[in-house]
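>>> Provided below are the primary sequence and the corresponding predicted coordinates.
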Amino acid sequence: GSSEIKEKSLVLLGENYLRKNDLKNSFKTFNKYINMYPAGKHIPFAYSRLGIIEYQRGNYENGINYLNLALKFKNISYRVDLSVFLANCYKQLGDYKKAINSLEQMIKLVKDENLDPVYIKLAEIESEIGNNKKAISYINKVTGNPKSQFYHKANYIAGNILFNMSFYENAVKYLNRNAKSDNDYKYPSIYLLGEIHVINGNYFTADQLFNKLSNTSMYKYPGIFGNGWVAFERGNYTDALNNFEKIPSKASIYKDVIFYKALCYKKMNDEESFFIYADSLKHYTSDRSLIKKIEYEKFDYYLSENRLNGAQKELNKLKKTDKLYYQYSRGLLLYKKDKYSDALIIFKSLVNSSKLRDFTGNIKYRIILCNFKLKKYNKSIELINKWNKQLKYYNNEITILKGDIYLKSGKYNKVVNTLTNYYKKAKEPYKEIALRTIAWAYYKARNYGNSYTKFKEFTKHYQNSKYINEAYLELGNCAYNLNRKQEALNYYKMVKGKDEIQKAIFRQGKIFYEKREYIEAIQLLRSFINKYPASSVADDALLYVALSFYNMNQPDSADISAKKILTNYKNSNKYFDALIILGDISFNNNRYEKMQSYFSDIIKNDNDTFRIKHAINSFVDYFIKIDKIKDIPAYLSTNYGETLRNNPDYSFYITDYLIMKGYNKEASLLIDNVIEKKLTDKKKFYLGKLKIINGDTTGGLADIKLLNNKIALSEIVKFYYNIYQYDSLIKYSSNYLSKYTSNDMIIFELDYALFWKGVPIKTKQIGSVPYISRLEILKLIRQYNSSKDISLFNLLQPFLSNNDLFTKAYAMYLAGLIKYDSGNYKNALNYLLKIKYIYNRADIIVKSLKICSDILSGDNDNESDKIVNEIKNYEKKTIYNY
């Protein structure tokens, strides 16, 4: 009995020392017990305690030996707890595999004991090595049992794992279980919930959660720290510092206080204070995780200031501090240096690193940015969608980036859809960026009206923006494209920016040229060239100077300006345009050898269809002028045989021009004797076209219809447009658009036919001049016919002054119709009688003249009879029954 009491007393003494954390005496006592009672009943317990003591002293290998000795005894009741200590020893030695194996072995051995501590430890280890899915599967074995004594601990660990995975919504579910009841993990869970809400930008909710902690005694300082952190994230750095000042240096969280104080001063651009606090951190902690973070912040400070030498020095320090932080920072520096491919390789290698979990979101964001910079737009969008839930902290940046991606990849509707609602609620600076991107999307989509509205809104709200001059420039461009040239001039004059002003002055000169105010154009553009000779549009300006002189019939001055493009801007994309001017001047002055030299350069080396056609047509004009039209085939074959063989279309350009000039016989000979010996589809097409021109409409149209290709369908559409056969026009234009890439001219011709048939227009988007204004005036006429709203007359001025004669004629028809319906017959006649002189299209002329006939009948029978006869003559041109 007394021996057993002595034996037990020794064990209790050792345990008492252990609970007092007197590891030295505890170890001596349990070691003494083993030596005195090698067969004692408490031997496994003594070994277990020696293992735990060695673990706590950091002697992990010894700890493993003692714990394994204890675990050899099969019937001990506390082996589950020992397996957790054993796993911790292996983990501390970096042997995660053995740590996991020891725990999994315990699961196989134990049948009736509570394995929750094992599952929790497995979850922690699997999470640390990045096997988060496995970690969650283990922890859920505990979280699924609310009666477990480890239930709240498991929920906290699950929340922490999911937090580190950036799965914040899932983390909140687990943490809320703890936060809503009293338990040991309530307040740690509330703190973690606060962190999640900060990351998601829910600062008000985060503040409330941290306030709950501030009102407790144990978690008061973490709560105050949380309040300071919220203020920091809100950009209220003074408030943040005030909160941090309330936390005493004895608080366990004080090292984090020093860290965030440094960050506050960094954000406030107080370089001296930032580095004082950053350098002092090592005096408050030896925690390597925080030390490497502050070293990174120093690097980031220099990087954000674009002081790359300083950044490189800090990067060299990080190389010694932490390998992963070094790699991450190196990726950022490479990105800053525009080395996106190299940066992408680094970021991809780090994306799954659990040790960089604080930067996981930024790493993923940088991967997306690198793909964007490398113009891998689809990949960028794919990654945004894949990582959307994990990038909530970057919600603003990601939304703006999506808009930019869609803009650069030409998906303009998606830009508008992505940013319009976002912009209305966005904070600065994102609101400004979103508005600018929307304005650009409309502009790129040629929706100049909406683009004008958005750029106008931009100039109203962002007068101090660095993009204000760009906005004025684009307002001018929008007004220009909406044919409001005087307004465009006014906006161009408002541009002050260093780069933008060059484009604005050039644009002003271009408008003067287009308004045929050539002297003003020359003066402004010459001044521009002298002031900005290296401008990207200086050669364009010189071209407009040359064209202005040419149009003023001053060929010598035009010749000098055009030649300056060839000598001063040798790589100019206006080189061939200058050759056109020089060739035309030579042609007009009968200097045919020079003309041949200039135009030969275009035919042999240019790739612009318009200029090549012009050059070829000029040769045709030359042979017509000297009355040697029959010599064209031989001349072209001799001088440009190889070029014509390599570019068969050039011969068809000649054919088209001969047909246009009325030389149908010569065109037929060219097709039969020169163009391609084989009867190709294109040759068949031209033979059919010539049949139509020479009077065999049925035969020619039948030949073309048999081809059923793009060119043939286009010609058929044109044919039915010219003879006013609207049903066939609808049929073949619809057929064309269903088979081939959208063509604005074909879309217009379809909508034009639908207009005359009285069918609602359901058009695809159209973006090119003159078809935009044509469709707009047709829609306005339809709107008036259904509403009879005479106030629509006020919208007609831009259409009445439009350079496109179709648009102008239809606007005059609507103006006359509104005046007619208003009883103002004199003004109605003034509009309607002029249409036939503006646009010689029978259908609109007939429709206008019928209103005139109605006005004049009875009052002026002679004039009315004249108009009736005129109507009959125009109706003969059509097969449409008015």
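Looks like it came in fine.

>>> Break down the stretch 501-650 of the chain into its helices, ranges please.
Along the stretch 501-650 of the chain, counting by DSSP state H, counting those that start in this stretch, helices occupy 518-531, 538-551, 555-568, 575-588, 592-605, 609-625, 632-646, 649-661.

>>> For burial, what's the neighbour tally of residue 377?
18 (other Cβ atoms under 10 Å). Glycine gets a C-beta too; all of them are placed from N, C-alpha and C.

>>> do you know how far it is from residue 297?
To residue 297, residue 377 is 33 Å away according to Cβ to Cβ, to the nearest Å.

>>> With residue 25 instead?
The value you get for residue 25 to residue 297, if Cβ to Cβ is used, is 45 Å.

>>> can you put the helices of the stretch 501-650 of the chain in a markdown table and add mean neighbour count and mean pLDDT?
Conversion of the helices of the stretch 501-650 of the chain to a markdown table gives the following (neighbours: other Cβ atoms under 10 Å; pLDDT from 0 to 100):
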| stretch | mean neighbour count | mean pLDDT |
| --- | --- | --- |
| helix 518-531 | 18 | 90 |
| helix 538-551 | 23 | 92 |
| helix 555-568 | 17 | 92 |
| helix 575-588 | 21 | 92 |
| helix 592-605 | 18 | 90 |
| helix 609-625 | 18 | 88 |
| helix 632-646 | 14 | 79 |
| helix 649-661 | 19 | 80 |
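
>>> May I ask which helix or strand of the protein has the lowest mean pLDDT?
Sorted by mean pLDDT, DSSP states H and E, the helices and strands of the chain end with helix 664-673, the least confident at a mean of 74.

>>> Surely residue 227 touches residue 204?
No - judged on Cβ atoms under 8 Å, residue 227 makes no contact with residue 204 at a distance of 11.9 Å.

>>> Same drill for the two, tell me which one is more crowded.
The neighbour comparison of residue 227 against residue 204 (other Cβ under 10 Å) goes to residue 227, with 24 against 10.

>>> if we look at the host helix or strand of that one, which residues are touching it?
According to DSSP states H and E, residue 227 maps onto helix 220-233. When contacts are defined by Cβ atoms under 8 Å, 6 or more residues apart in numbering, helix 220-233 is touched by residues 187, 191, 194-195, 198, 201, 203, 206-207, 209-216, 237, 239-244, 246-248, 251-253, 256-257, 260, 263-264, 267.

>>> low pLDDT regions in the stretch 701-850 of the chain?
For the stretch 701-850 of the chain, applying pLDDT under 70 flags the ranges 762-767.

>>> let's see it at 50
Residues of the stretch 701-850 of the chain meeting the criterion pLDDT under 50: none.

>>> In the helix holding residue 227, which residues are buried?
221-232 (16 or more other Cβ atoms under 10 Å).

>>> how about those residues in JSON lines, adding pLDDT and distance to residue 625?
Output for those, formatted as JSON lines (pLDDT from 0 to 100; distance: Cβ to Cβ, whole Å):
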{"residue": "221", "pLDDT": "93", "distance to residue 625": "97"}
{"residue": "222", "pLDDT": "93", "distance to residue 625": "94"}
{"residue": "223", "pLDDT": "94", "distance to residue 625": "94"}
{"residue": "224", "pLDDT": "94", "distance to residue 625": "94"}
{"residue": "225", "pLDDT": "94", "distance to residue 625": "91"}
{"residue": "226", "pLDDT": "94", "distance to residue 625": "89"}
{"residue": "227", "pLDDT": "94", "distance to residue 625": "89"}
{"residue": "228", "pLDDT": "95", "distance to residue 625": "88"}
{"residue": "229", "pLDDT": "92", "distance to residue 625": "85"}
{"residue": "230", "pLDDT": "94", "distance to residue 625": "84"}
{"residue": "231", "pLDDT": "94", "distance to residue 625": "84"}
{"residue": "232", "pLDDT": "93", "distance to residue 625": "81"}
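
>>> name the helices or strands packed onto the least confident helix or strand of the chain?
When contacts are defined as 3 or more Cβ pairs under 8 Å, 6 or more residues apart in numbering; DSSP states H and E, helix 664-673 packs onto helix 632-646, helix 649-661, helix 681-693.

>>> Nearest to residue 830, out of those?
helix 649-661 (35.2 Å; Cβ to Cβ).

>>> returning to what we had before: need the helices of the stretch 501-650 of the chain in TSV (columns: distance to residue 439).
Output for those, formatted as TSV (distance: least, Cβ to Cβ, whole Å):
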stretch	distance to residue 439
helix 518-531	26
helix 538-551	24
helix 555-568	33
helix 575-588	31
helix 592-605	38
helix 609-625	31
helix 632-646	44
helix 649-661	39
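
>>> so which of those helices gets nearest residue 373?
Short answer: helix 538-551, nearest of these by Cβ to Cβ, at 29.4 Å.

>>> circling back to that earlier point, following the helix holding residue 227, which helix or strand shows up next?
Proceeding N to C from helix 220-233, the next assigned helix or strand is helix 237-245, under DSSP H and E.

>>> and the helix or strand following that following helix, how far from the chain's centre?
Under the assignment DSSP H and E, the closest C-terminal helix or strand after helix 237-245 is helix 254-267. The chain centre lies 35 Å from the centre of helix 254-267; the measure is Cα atoms, centre = their mean, to the nearest Å.

>>> Also stretch 135-146?
How far stretch 135-146 lies from its chain's middle: 42 Å, per Cα atoms, centre = their mean.

>>> cool, and stretch 109-116?
55 Å.

>>> what do you get for stretch 224-232?
34 Å.

>>> Can you tell me the element residue 498 falls in?
Residue 498 belongs to no helix or strand when assigned by DSSP H and E.

>>> and it, how many neighbours?
When neighbours are counted by other Cβ under 10 Å, residue 498 registers 7.

>>> Likewise for residue 445?
Going by other Cβ under 10 Å, the residues that sit close to residue 445 add up to 19.

>>> these two touch, right, it and residue 414?
No - if you go by Cβ under 8 Å, residue 445 and residue 414 don't touch, sitting 10.8 Å apart.

>>> Look up how far residue 195 lies from residue 253.
13 Å.

>>> go on, residue 441?
Residue 441 is 37 Å from residue 195, by Cβ to Cβ.

>>> Residue 848 too?
Taking Cβ to Cβ, one finds residue 848 at 74 Å from residue 195.

>>> and residue 78, backbone torsions?
Dihedral pair for residue 78: phi -110, psi 20, per degrees, to the nearest 10.

>>> so who does the closest residue to it other than its chain neighbours touch?
Leaving aside its sequence neighbours, residue 78 sits nearest to residue 48 (Cβ to Cβ, 6 or more residues apart in numbering; 6.9 Å). By Cβ under 8 Å, 6+ apart, the contact set of residue 48 is 66-67, 70, 76, 78, 82, 85.

>>> And for residue 142?
Contacts of residue 142 (Cβ under 8 Å, 6+ apart): 116, 119-120, 148, 150-151, 153-154.

>>> Make TSV from those residues and add distance to residue 110 to it.
Listed next are the contacts of residue 142 as TSV, based on distance: Cβ to Cβ, whole Å:
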residue	distance to residue 110
116	11
119	12
120	15
148	15
150	15
151	19
153	19
154	18
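
>>> From the chain's centroid, how far away is stretch 308-319?
Relative to its chain's centre, stretch 308-319 lies at 32 Å (Cα atoms, centre = their mean).
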